[in-house]
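>>> Just to be clear, the model below is a prediction. Sequence and coordinates:
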Amino acid sequence: MAKTKKGEDKDMGKVAIYPGSFDPITYGHIDVVERALEIFDKVIVAIAVNEEKRPLFSVEERLHMVKAFFKDTPKVIVDSFKGLLVDYVAKTNAIVILRGLRATSDFEYEFHMASMNRSLDTHLDTLFMMTSKDYFFVSSRTIKEVARLGGGVEGLVPDLVVRRLKEKFKLPVTKKKHIRWDD
Ligand code: ADP
């Protein structure tokens, strides 16, 4: 019987693992997943449980939002993990870690993480996918900042995320009022 290589499971095919905070998921992340599905048979979106980062959304809330978006895409598996990424990857049959790059500022951090993961597990490679022109400015952090101040993030995150952000920040629906300097 032909031996299958790690990550080339007969049933699952080629698997990539996309780890991140996804606090919350944005269309920038989704775009990376959708493009990766043209190369891989399955993508595992792995939500990191890292309370030190003080996430806005609990891991359950983040899991729910990602699962809801990909509910009709069986090629996407959504999971969460604690601890070292390399330990989690070893429990799956993924061949590659998938990450996205938006700007040169992402590069340094990503380069260090990829190098560290490589030193922890010499077989594990990281594949970087360049952001697309529509989402290069989209990050979970800026989405939260804008939403907290009442700005619209529609079109940058799924509708469910828009609703959850509004609930989190308990945004009142106010009428626009012009500032009058002579008041
Ligand atoms: P982390 O906290 O681990 O950086 P994030 O959820 O912020 O997790 O991001 C996960 C990955 O997705 C990172 O590699 C990040 O660079 C990438 N990413 C985030 N937003 C975008 C985007 N708009 N376009 C492409 N990649 C992105």
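Good, I have the coordinates.
>>> List the buried residues for stretch 110-120?
E110, A114, N117 (16 or more other CB atoms under 10 Å). Glycine gets a C-beta too; all of them are placed from N, C-alpha and C.
>>> Could you tell me which helix of the chain is the longest one?
Counting residues, the longest helix in the chain under DSSP state H turns out to be helix 104-120.
>>> Spell out which parts of the chain neighbour the ligand.
Within reach of the ligand by CB under 6 Å from any ligand atom, the chain has these residues: 20-22, 26, 28-29, 32, 99-100, 102, 106, 131, 135, 138-140.
>>> Now flag whichever of those residues is closest to V86.
R99 (14.0 Å; CB to CB).
>>> How is the closest residue to S140 other than its chain neighbours assigned, secondary-structure-wise?
Leaving out its chain neighbours, the residue that sits closest to S140 by CB to CB, 6 or more residues apart in numbering is D23, at 5.1 Å. For D23, the assignment made with DSSP: H, G, I helix; E, B strand; the rest coil gives coil.
>>> In this structure D23 contacts V59, no?
No. The criterion here is CB atoms under 8 Å, and D23 misses it with V59 at 9.2 Å.
>>> quick one: which of those two has more around it?
For D23 versus V59, the count of surrounding residues by other CB atoms under 10 Å is larger for D23: 23 against 19.
>>> so what's the more buried one up against?
By CB atoms under 8 Å, 6 or more residues apart in numbering, the contact set of D23 is K53, P55, L56, F57, R62, S140, K144.
>>> Does the third one touch P24 like I think?
Read it as L56. Yes. At 7.3 Å, L56 counts as touching P24 under the criterion of CB under 8 Å.
>>> okay, and the common contacts of those two?
Common neighbours of L56 and P24 (CB under 8 Å, 6+ apart) are K144.
>>> you'd agree V66 is up against D79?
No. In this structure, V66 is not within contact of D79 by CB under 8 Å, at 9.5 Å.
>>> higher neighbour count, these two?
V66 (25 against 16).
>>> Please, where are all the strands along this structure?
Listed in chain order, the strands of the chain (DSSP state E) span residues 8-9, 13-20, 42-48, 76-81, 96-101, 125-130.
>>> Select, out of those strands, the one closest to E167.
Set against E167 and scored by CB to CB, these come closest in strand 42-48, at 19.4 Å.
>>> partners of that closest one in the sheet?
Using DSSP bridges, strand 42-48 pairs in its sheet with strand 13-20 (parallel), strand 76-81 (parallel).
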